[in-house]
Structures are given as C-alpha cells and as structure tokens.
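Novice: Got a sequence here, can you build the structure:
(2 chains)
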Amino acid sequence: MKDLDVAFPSGRTTVVVGPSGSGKSTLLNLIAGLLRPTDGNILFDGVDVTNVPPEQRNIGFVFQSYALFPHLSVEENVAFGLKRGLPVSDRARATEAMLDLFRLGTLRRRRPAQLSGGERQRVALARALARSPALLLLDEPLSALDAQLRERLRLELMALFGSLETTTIYVTHDRTEAMLMGHSVVLMKEGRVLQQDPPDRLYRSPANLFVARFFGSANLIEGVLDDSGGVALPFGRFAVNEGGPRRSPGILALVRPEMFRVDPSAPHLTIRVLTAVFLGSSWRIEGVSAGGLRLTVDLALERVTPNEQIPLRLDRSALHVLDPEGET
Amino acid sequence: MIERWGTKRFAAGLTLTYGLALIAVLPPLSALMQSFQPPASEGWSGSAYRYVLDTYGSSLTFSLRLALFVVVASLLLGVPAAYGLVRHPFRGSRLVEQLTVVPLAVPGISIAMAIIIGYSAQRGQWLLLAAGHMLYTVAYVVRIVMNTLRNLPLRELDDAARTLGASRLDRLRRIVAPLLAAPVALASLIVFAISWGEFNVSFLLATPTQLPFPAALYGTYTSNSGPVAAAATAIFLLGALPLIIAVQLAGRSRFDYGQGA
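Specialist: Modelled structure (predicted):
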C-alpha cells in the first residue's frame, strides 16, 4: 500500500470495496489504529491521530467475526465500551438504549455462543455504537451470514446509518452492497484507490476498464473519436460525455446492457439471440450482430427464442468512453 | 425385528467395561476393609487411622505445603510461557513446546537420580524437591493453557477491547484473566494431584524431616502391619478424591469459546 490519499466525508457512509487482497481491510485497520503506517498520516477532523492508540481514538469497530467476548453476556458485551467515569445510571441508560435499538432486550442474559449469526451481528453493532463513537468502522459485517439474512440486514443497516449521522466506513467485497449502502464508494485494487465517487457515477462514468467491469456488466465497444467531440461506433455516431480520454482516437465506449431498446422502425443494429436468461423483470440476452459484434443486452420482453433477430436502438445521446490502455 | 446398528456390540462393550471396573475397584475396597481392623503390631491399641495420623501427620502437612507451592510456582512459570508461545510465536517455539513434554517420557527414577547427582550440594533442601515435581507439572500447565489460547481468537478479542477503549491493564483484567480462569483452575488441580502423588522424586530426595507422604507410605508398606498400610492408603486417597471430583467440575467448560455460526 502506497501513495494512498482518501478522504471520508463526515456524517456520511463511505463504502470501501475491492477484490480480496486490495488492501481494504488494511486501510480500515490503519484508520482504527490497530495497524500503524510506516509512513504518512491519518487525520480525524484535521487532527493528526497517527500516533494515537486505538483505545483513545473514540471509534466503534465491527469485526467480520464480530469478536464478541465469549465470557460476557449480551448486556455485558454491549456495556463493555462505556466510559469508566460514567455514573452507573448513565451506563445503564446507554446500555438499555442500545439493547432496545437492536431488539436485544430478551437476549440480554445470553452468552454469544447461544446466539444466532444475525443476533451476534446485532450485538457487535450495539457494542460498537454504545459509546457513541465519532467514527464507525465495519469490516465485512454481513459476510458471515446467509444470503437471505444478509439481504434483510443490508436494508436495516442502511436505515440505521441514515438515522445515525455518524461518519461510517464500511468495508466489503460485495459490489451490490457497495452500490446500495454508500453515499460514496471507494474502489481499491492492489493497495491503490482507483476511484472514489457516488455509486451512480461509478456505474455511469467509471475511471477505467477495471472500474467499468467491477460494477455491473459492460459492453466495451471499439470506436474512434473525431474532432467534433463525437465517437464513431460500428453501428453509428454518438456524442461523448464530459471527461474521458483524449490521448488517442481509438477508444472503448461503455454501453451497459440496459441502454438498448427494441426498435423495429429505426434500429442501430440487429442481433441474433445466442442465449437468453430470465431475470424476472427482464431477459439478459447474449447476441451477435451481422457485423460479428457480440453484445449483452437487458430487454423487458414477453419471451425470447434462440436465433431470433432483434432490432435494437442504443437509447443514449452521449456515451462514456474509456482508454483501452488504462487499468483493466 | 428392528434394532439400532451395533446394539449387541454396545452391550458387549458395556459388560467388558464394568468387568474391568470391578477388577480396579476390588483391591482398594479390600484394603479399606482391612484398614478398620486394629493393627496387631507394636502393642498399639487404637485404630490404624489414629496410628497413621500420629506417626505420619507431619508428612501429610509437608506434602500439602509442597503441593501448594508447586501449584503456584508452576502457574507462575507455565501461564506466561503458554501466553508467550501462542501470542508471540518465534522460530523454534514449536520445539520449545515439545521439549516441555520430554520429562514426562523420562522414567521418574532417572530424573530423581539426575537431580541427586547434579545438585548434590543442595540435597536436603525442599526447593529441590519442588523443582523435581515441577519438571512434570509445568508441562501440564503449558499444555492446558496453550490449548485454550489456541482455540480462542485472542488477538481479535484483544483488538476488539482496544477499539472499545480498554487499556492494556483493562484488557488483562477484563478479557485475558477471566478467559484463562477455567484452564488455570483445571491445570492447578492436575498439578496438585501430580505433586501430591508423585513417588520417584519424592522418595529419593526425601530426608527424615522432609518426608513427602507417598514416601512415608512406602515405609508403612515395608515396616508396618497390613491395616496401617491400608489406613495410610485410604487417607492418601481421601486427599486425592476431592481433587478428582473438582477436576471433573472444572473441566466442564462454563462457556463455549466458539465464535462460528
């Protein structure tokens, strides 16, 4: 990890996402103070905390395995981080508030071993939040749970973060989770930040091919830039949106599967269906054009048959283009 | 007719087990019966128990004090060693771990002789006796405590406590100590039992004023009547029995360390 420069907006949720080994957990541990940087600084609200030990950073940390204290009850786990100087009544009130918020009242006497995965997760969150931390750090908090529970808890967490207004840094390898939960998403790879943006910008205007492929399916269509700010693709000429590479005329245009629609009257191109997968609200179709261009398109059709010819129109006036030499 | 697989084999196993248990229980039982007869020798008129307590009472208290000392000293050596080996492993720490077990495999008489020859000047000091016992006992402490530490995500629990504002001392007091209470209790009882019953070192390093009870027991067998030896054995077992029960209770884990789903 080197030359890393990230800022996390206060009061909001930032998701750090990336493939395993990208350094996202290392970054989180550096912020928590559990790891120390050999070089560089970590600032909280402008104050340098690089040499402040974690116990004095006023953070809440939710571990991937939750790291609940096995010898303590749910209630004792939640109260563990409350400041020592606090009057007993304040401690009790803070504990009670957390047990209520996370619906743990009836489980208060249980030990962690007697809890389900979802309940442990709630205890870990309650314990981290009980001391009203200035910064909440979560390391893959949902990855230990089954898919159904994960989906439900995602929504609960989103609502929770929305109401807390605590600066939150959420690390995950799950791109869906990243898109859903972050006001801002940091995509990391091999110890570097590739892009930090709101989810919609990451999806529509990725900085490079890696980002484009990481978030959703992408048709990357070869094209040539012209002098008047347009791009010539095999099936027509389109405008180019702001940004994008200008070094070489040869580029790749990013066309997401949902950017096509069926249009028999004025099609840009016609594809022959190779495979079609039913997604519920639409079909994901792999097809090939007469010119040999392979495309992935999402279409809301009643039914699709193999080898069917579908006339398509690219439903965008301006396209995002990428440098083919960039990060892949 | 439907029956569970292996029912017949289970019944055969059960019979064998109880048969063997009977063989193990019968001799001490007959000894116990004998112990209630008055000893014929030396014109002693009271019970065999009275005789043993009067003659070997000092051995009993010496053994008790020795065992307690060995427990404390073994814990002081073994617990930090186990903690260090798990939390800060180094090149060769596995080897160190294996080496602690070596004394258990060496015949006790060899160890006793080695101590006598190596520390002849210190002979007669009770500390040497304690050291002889600790050659065995420290290994148990290290093993038992290491086993618990290995099964605990101690590093992560420690990190979690740090992020919750706990200082080093706090973490030792509120996390490490309570988590180690059960294995330390178990190790203490085992160490006590070993020291209490150890014969080889105790016998060979004993002096008339520092005579551990197992060594004294030897004397009752060789020089006294049957009832006296039986009574001495009964008293000896009486000291070990509460320990065996306590070990069973301590071994019953108070909580599951498991973090998994």
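Novice: Return the set of buried residues in the lowest-mean-pLDDT helix or strand in chain B.
Specialist: Every helix and strand of chain B was ranked by mean pLDDT, DSSP states H and E. The lowest is helix B:226-251, at a mean of 76. In terms of neighbour count (16 or more other C-beta atoms under 10 Å in any protein chain shown), helix B:226-251 has its buried residues at B:226-236, B:239, B:243, B:246-247, B:250. C-beta here means a position set from N, CA and C on the backbone, and glycine is covered the same way.
Novice: Pick out whichever of those sits closest to chain A.
Specialist: The nearest member of these to chain A, counting by C-beta to the nearest C-beta, is residue B:250 at 15.0 Å.
Novice: Can the least confident helix or strand of chain B be said to contact chain A?
Specialist: No. Using C-beta under 8 Å from any C-beta of the partner chain, helix B:226-251 never reaches chain A; the gap is at least 15.0 Å.
Novice: That helix: how far from the chain's middle?
Specialist: Centroid separation between helix B:226-251 and its chain, computed with C-alpha atoms, centre = their mean, to the nearest Å, is 12 Å.
Novice: what ranges of chain B fall below the confidence cut-off?
Specialist: For chain B, residues meeting the criterion pLDDT under 70 lie at B:1, B:3, B:38-46, B:224, B:247, B:250-261.
Novice: Mind doing that once more with 50?
Specialist: Applying pLDDT under 50 to chain B flags residues B:255-261.
Novice: show me where it has helices.
Specialist: All helices of chain B, identified by DSSP state H, fall at B:7-35, B:48-87, B:93-99, B:102-105, B:108-118, B:126-151, B:154-163, B:168-171, B:177-197, B:200-204, B:213-223, B:226-251.
Novice: For residue A:228, which of those is the nearest?
Specialist: helix B:154-163 (56.3 Å; C-beta to C-beta).
Novice: Could you check how far residue B:169 is from chain A?
Specialist: 11 Å (C-beta to the nearest C-beta, to the nearest Å).
Novice: Report how many residues lie close to that residue.
Specialist: Burial of residue B:169 is recorded as 8 neighbouring residues (other C-beta atoms under 10 Å in any protein chain shown).
Novice: The stretch 101-250 of chain B against chain A: which residues are in contact?
Specialist: By C-beta under 8 Å from any C-beta, the residues of the stretch 101-250 of chain B that approach chain A are B:152-153, B:156-157, B:159-167, B:174-175, B:178-179.
Novice: Of those residues, just the buried ones, PyMOL syntax please.
Specialist: This is the PyMOL syntax for the buried subset of those, where burial follows 16+ other C-beta under 10 Å:
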select buried, chain B and resi 152+153+156+157+159+160+161+162+163+164+165+166+174+175+179
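Novice: what's around the closest residue to chain B within the stretch 201-328 of chain A, how many residues?
Specialist: Taking C-beta to the nearest C-beta, chain B has its nearest neighbour within the stretch 201-328 of chain A at residue A:214, 28.8 Å off. Residue A:214: 21 surrounding residues under other C-beta under 10 Å.
Novice: Residue A:290 too?
Specialist: 11.
Novice: pLDDT value on it, please?
Specialist: Looking at residue A:290, its pLDDT is 88.
Novice: now swap in residue A:310 and tell me
Specialist: pLDDT, read off for residue A:310, is 94.
Novice: Surely it is within a strand?
Specialist: Yes. Using DSSP: H, G, I helix; E, B strand; the rest coil, the assignment for residue A:310 is a strand.
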